[in-house]
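**Student:** Next input, structure requested:
(2 chains, ligands or ions: 2)
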Amino acid sequence: MTVTLPATDYSKIISCHNVNKWYGDFHVLKGIDLEVSSGEVIVILGPSGSGKSTFIRCINRLEEHQEGDIIVDGITLSHDVRNIAEIRREVGMVFQQFNLFPHLTVMENVTLAPIHVRKWSREHAEEVAMKWLTRVGIPEQAQKYPGQLSGGQQQRVAIARTLAMEPKILLFDEPTSALDPEMIKEVLDVMRDLAHEGYTILAVTHEMGFARTVADRVIFMDGGVIVEENEPLPFFNDPQHERTKLFLSQILNH
Amino acid sequence: MAESKLTPNPSGGQESVPPWRDIRIIGIFAQIAFVVLVIMGAMWLLGNVTDNLGRLGGFRCPDGTSSFSCGYNFLKVDSQFDISESVIDYDPSDTYGRALLVGLMNTIKVGVLGIIFATILGVLAGIARLSDNWLVSKATGWYIDLMRNTPLLLQLFFIYFGVILLFPPIRDAIQLGDLPVYLSQRGINMPGPVFLPSFATWLAFVVAGIILAFVIWILLGRREERVGKASNRAFWVVFGFFTVSIIGWFVASNSNKLDQSFMIAKSERILAFTDLADNMERRLGAANLNEIDLMVEEGELTSEEVDEAAYTLCVISESASEVNFTAELRRLNIPYTVNRSTRPDQATAKYAAGECEIYVADTVILTGERPLLEDPFAQAIVPTLERPVRISIPEIEGLNFVGGIKISPNFAALLIGLVLFTGAYIAEIVRAGIQSVSKGQSEAARALGLSESQRLRLVVLPQAMRVIIPPLTSQYLNLVKNSSLAIAVGYPDLFAVAFTTLNQSGQAIQVFLMVMAAYLTLSLSISALLNWYNKRIALVER
Ligand SMILES: Nc1ncnc2c1ncn2[C@@H]1O[C@H](COP(=O)(O)OP(=O)(O)OP(=O)(O)O)[C@@H](O)[C@H]1O
Ligand SMILES: [Mg+2]
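**Tutor:** Ligands and ions are numbered 1, 2, ... in the order given. Below is the predicted model of the structure:
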């Protein structure tokens, strides 16, 4: 008797099959296929408007895809609010604009979700929050408000806030694009540490240094499709497609 | 050198600017001119007012001189007009001053309730307006447009004449399901709390509980800072408050034995309140009074038999004793019927004539009435447990409701009108406030796994509040000022009472000054409160 294996590879922590999305008539994502192994670090590159943000936002259902399957840690994303909630527990996201809650202190920002979603006691949540704030290097800012911090500090708070929920997967959408050059490094350093610690990471970023040294795989998107994907070394040194070459030449000569 | 290049006049520095072009001097002159204008205007007005007062004899004293304070002597004169509803005791033999106080309290009543309900309605409608559900969002939109595009006066008339006055008369009152809530032409009758004399004792405990809660909050806060570890502050605060309040409840219940008592023929051998239950069980042959309904259902008893066995009570209308006693009977599921009299001697007569088995009144009345009975010492005066607050339930008696709380049709029309009208404006303010919070905030909340209601409650609304509060303040002020339309639906608010006072006493200027001062005080209090709140929730920026 032969056993037909299911199409889905369960060793993959994220599987996307033929993901399609439209904004009205506009076809943003045109059949995206992607398998991500646990612990893998993926950098997504591509010109503006190519659908990078839309794609990673589909993974935690900030955007809804209309066709295809997205399976995160064995849970198929569907219209079931319970499914969505479960996936959001597994997946943390860091935004370009930080999106810290300005009416709450740093400590309250970090403990809000653990207390209300994970139902931890305030005491426990604050302990964990302090641990993460120390990890990202700003334990002394805990009682300040976001408006009192520098951009780099704010982004590190945002990362601590995400990590406090103990996700397995981290999505970064241009986390350093809103930062002054001297603050970019402090955020990239934190991201690099996280990559080495075994988090599964999907990062949209234009930081080529990060992509070269930290990524396991680089993906190039254009016009809603994945044009090319490869390990960083061959990707940067020997791009296969014309569009990739053009993009890289523009970005590297810039 | 560099400086002189910046000045348009190359021949000199700042000193040489002619005064009519110096912004500082212009500013000072503008202010002086403005103050002069205001003072002149005020003097002209004041002159007019004093002239009129002189002509009308407004501020004249009995001895022929005239002074500001004498202008208000009319406040001590009997008003001789009735006011249809009042929070405090009032009748036509009370003074104009008290009448105006009644009006003020009525205004505050409708204002406070209106603000509370309009806020609730407005917040819900504002959120609904942004709902993804097409129908919910559209329906709310229609409501808001309807309210904002028709005059409030028209809406009040419609609600009063077109809705409430078309309700059935009392004998056909509409009951809401099985609840003791009745709608009729006379308004709404529903269960409500009655505060018994021991309430004051309990209130003292509640206040003590609040103070204790504050003390605990502060002490634990200090300890947290010292030890550097969070303690369960909220829990201990709530625990402290409830412990004191609950102890107070029982202390108050036992503090006032003198006021609540009843009298009954000794032949019934009832010496304590609980005997009433035992006796009723014997009468009905029921093992447990809670089973009465079940027994009736199963046919072991007929409801006629239950009515027959029910205790008949003689009570004095609107007395605390009645509320306290019947609430206790209901708690024990003891059937009873009530026979009300307005005065103690009437109740005594009925009791003597055997119209009822139990005479319910406070001890002072009962000890006074007992010697008048045929066989005084056969009548036992037995104490009932008094609770600081009892729920009173409305019942139809003849052409009226007794018990419960009554909401007059005038008040209901005004309150509903103000709430619907102001709620629509508040909904728009809330919608704008929510929309002012950036989408990124919602996305971050969702990405962290917060549910939709948590997202609203913990992230969006607290931030929207900053945008909402200032325009909300002016809506609250509008509501209070619009409440002066009460006169259109016959609700005796401050303005309505003032208008009658003015017509009757002829003291137009004094009355207007007082009413203006009253509205001004109310408005300023609301503004001050909300400004204080707004300051507290202001964002801390770098
Ligand atoms: N809510 C929306 N409604 C309609 N079109 C949208 C919406 N959001 C994005 N788009 C369009 O979808 C396309 C992909 O957008 P997306 O934000 O994913 O691009 P991106 O690759 O992240 O670009 P960038 O590098 O500028 O962030 C763009 O053309 C954009 O205009
Ligand atoms: Mg983007």
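**Student:** any weak-confidence spans in the chain?
**Tutor:** If you meant another chain, say so; for now it's chain A. Counting by pLDDT under 70, chain A contains low-confidence ranges at A:1-10, A:253-254.
**Student:** Sorry, I should have been clearer: chain B.
**Tutor:** In chain B (pLDDT under 70), the answer is B:1-15, B:53-69, B:228-230, B:256-260, B:266-268, B:539-542.
**Student:** in terms of contact, does B:Ala427 touch B:Ile120 like I think?
**Tutor:** No: using Cβ atoms under 8 Å, B:Ala427 is not in contact with B:Ile120, being 11.0 Å away. For the C-beta atoms, the positions are set from N, CA and C on the backbone; glycine is no exception.
**Student:** These two: which has the busier surroundings?
**Tutor:** B:Ala427 (26 against 13; other Cβ atoms under 10 Å in any protein chain shown).
**Student:** May I ask which helix or strand encompasses the more buried one?
**Tutor:** helix B:409-436 (DSSP states H and E).
**Student:** Does stretch A:36-55 reach ligand 1?
**Tutor:** Yes: counting by Cβ under 6 Å from any ligand atom, ligand 1 has neighbours in stretch A:36-55: A:46, A:48-54.
**Student:** Dump that stretch to CSV, keeping only the CA atoms.
**Tutor:** These are the backbone C-alpha positions of stretch A:36-55, laid out as CSV (Å, rounded to 0.1, in the frame of the first residue of the first chain):
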residue,chain,number,x,y,z
VAL,A,36,10.1,29.0,5.3
SER,A,37,11.8,26.6,7.6
SER,A,38,11.9,27.1,11.3
GLY,A,39,14.8,29.4,12.3
GLU,A,40,15.3,30.7,8.8
VAL,A,41,16.1,34.4,8.2
ILE,A,42,14.6,35.7,5.0
VAL,A,43,15.2,39.2,3.6
ILE,A,44,12.7,40.5,1.0
LEU,A,45,13.8,43.1,-1.4
GLY,A,46,12.0,44.8,-4.2
PRO,A,47,11.1,48.2,-5.7
SER,A,48,8.5,50.4,-4.1
GLY,A,49,4.9,49.2,-4.8
SER,A,50,6.0,45.6,-5.5
GLY,A,51,3.8,44.2,-2.8
LYS,A,52,6.4,43.3,-0.1
SER,A,53,4.5,44.9,2.7
THR,A,54,1.2,43.5,1.5
PHE,A,55,2.7,40.0,1.4
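**Student:** Which positions in the stretch 1-150 of chain A make contact with chain B?
**Tutor:** A:60-62, A:85, A:88-89, A:91-93, A:95, A:97, A:99-103, A:112-113, A:116-117, A:122-123, A:126, A:144-145, A:147-149 (Cβ under 8 Å from any Cβ of the partner chain).
**Student:** now, which of these lie within helices?
**Tutor:** A:85, A:88-89, A:112-113, A:116, A:122-123, A:126 (DSSP state H).
**Student:** which among those end up buried?
**Tutor:** A:88-89, A:112-113, A:116, A:126 (16 or more other Cβ atoms under 10 Å in any protein chain shown).
**Student:** re the thing from before, any chance of the ones in helices among the residues of the stretch 1-150 of chain A next to chain B in a markdown table with distance to ligand 1 as columns?
**Tutor:** Shown next, in a markdown table, are those (distance: Cβ to the nearest ligand atom, whole Å):
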| residue | distance to ligand 1 |
| --- | --- |
| A:Ala85 | 23 |
| A:Arg88 | 19 |
| A:Arg89 | 24 |
| A:Leu112 | 26 |
| A:Ala113 | 25 |
| A:His116 | 28 |
| A:Arg122 | 37 |
| A:Glu123 | 40 |
| A:Glu126 | 35 |
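**Student:** B:Ser231: which of those residues is nearest?
**Tutor:** B:Ser231 lies nearest to A:Glu123 out of these, by Cβ to Cβ, at 8.6 Å.
**Student:** I'd like the distance between the residue in the stretch 251-400 of chain B positioned nearest to ligand 1 and A:Ser37.
**Tutor:** Per Cβ to the nearest ligand atom, B:Ile391 is where the stretch 251-400 of chain B lies closest to ligand 1, at 54.1 Å. Per Cβ to Cβ, to the nearest Å, B:Ile391 is found 66 Å from A:Ser37.
**Student:** Over to B:Phe495?
**Tutor:** Distance, B:Phe495 to A:Ser37, using Cβ to Cβ: 76 Å.
**Student:** For B:Glu395, grab phi and psi.
**Tutor:** phi -130, psi 150 (degrees, to the nearest 10).
**Student:** repeat for B:Tyr491
**Tutor:** According to degrees, to the nearest 10, B:Tyr491 has phi -90, psi 130.
**Student:** Can you report how many residues lie near the residue nearest to it when sequence neighbours are not counted?
**Tutor:** Nearest-residue entry for B:Tyr491: B:Asn410, 4.0 Å, with adjacent residues in sequence omitted and distances by Cβ to Cβ, 6 or more residues apart in numbering or on different chains. The number of residues packed around B:Asn410, counting by other Cβ under 10 Å, is 21.
**Student:** Please give me every residue in contact with B:Asn410.
**Tutor:** B:84-85, B:160, B:187, B:486, B:489-491 (Cβ atoms under 8 Å, 6 or more residues apart in numbering or on different chains).
**Student:** Sketch out the helices for chain A, chain order is fine.
**Tutor:** Here chain A has its helices, by DSSP H, at A:52-59, A:81-90, A:106-116, A:122-135, A:151-163, A:181-196, A:208-214, A:232-237, A:242-253.
**Student:** Check those for me and report the most buried one.
**Tutor:** helix A:151-163 (a mean of 25; mean count of other Cβ atoms under 10 Å in any protein chain shown).
**Student:** coming back round to it: which of the residues of stretch A:36-55 next to ligand 1 sit farthest apart?
**Tutor:** The widest separation within the residues of stretch A:36-55 next to ligand 1 (Cβ to Cβ) is 12.1 Å, between A:Ser48 and A:Thr54.
**Student:** got a list of what the closest residue to A:Lys21 other than its chain neighbours touches?
**Tutor:** Leaving aside its sequence neighbours, A:Lys21 sits nearest to A:Leu29 (Cβ to Cβ, 6+ apart; 4.1 Å). For A:Leu29, the contacting residues are A:19-21, A:51, A:54-55, A:58, A:65, A:224, by Cβ under 8 Å, 6+ apart.
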